[in-house]
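*Asks:* got a structure for you, letters missing:
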């Protein structure tokens, strides 16, 4: 397998940032509200200002989570595990839903989380990845 990574969904992840992977979001040029995924116009009240692309914070606080008793990404093979999903309030504003990595007994509302990558599959071009959140050590 190759060593190159690419996002499962183009445009939501910046994999080239030297500091590590970053979510690509938007910030309103008028009021400063931040969004994920990106949007062209602000949705806050009556602002409706134009938005610009920004890289979002890589840490946040777990708002809520749940256990999903089916294999993730439509996997149906023997040995595929159920998974956790949650909503994380990023330090710079937006609430982002994503896969959580770790045991259910290790999750708690209010705990600190950080952005990471989850490999969906590998092929001759490398790893296809999406974002996930892991507890901040």
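*Replies:* Done, it's in. These figures come from a predicted structure and were not determined experimentally. Numbering: from 1, shown residues only.
*Asks:* Poorly predicted segments of this protein, please.
*Replies:* The chain contains residues with pLDDT under 70 at 1-3, 71-80.
*Asks:* Name the residue most distant from the centre of it?
*Replies:* Centroid-distance maximum for the chain: residue 46 at 27.8 Å, with CA atoms, centre = their mean.
*Asks:* What strands flank the biggest strand by length in the chain, and is each parallel or antiparallel?
*Replies:* For the chain, the strand reaching the highest residue count under DSSP state E is reported as strand 112-123. Strand pairing for strand 112-123, using DSSP bridges, gives strand 59-68 (antiparallel), strand 126-135 (antiparallel).
*Asks:* Tell me which of those is the most buried.
*Replies:* strand 126-135 (a mean of 19; mean count of other CB atoms under 10 Å). (Glycine included, C-beta is placed from N, CA and C.)
*Asks:* Check the offset of that one from the chain's centre.
*Replies:* 8 Å (CA atoms, centre = their mean, to the nearest Å).
*Asks:* what sits up against that strand?
*Replies:* 1-9, 12-13, 15, 21, 23, 60, 62, 86, 88, 98-102, 106-107, 111-122 (CB atoms under 8 Å, 6 or more residues apart in numbering).
*Asks:* Can I have the buried ones of these as a PyMOL selection?
*Replies:* Per 16 or more other CB atoms under 10 Å, the buried members of these correspond to this PyMOL selection:
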select buried, resi 5+7+13+21+23+60+62+86+88+98+99+100+101+107+113+114+115+116+117+118
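*Asks:* related to what we said a few turns ago, can you list the residues that contact the longest strand of the chain?
*Replies:* Here strand 112-123 has contacts from 1-2, 5, 8, 20-23, 58-62, 73, 86, 88, 99-101, 127-136, using CB under 8 Å, 6+ apart.
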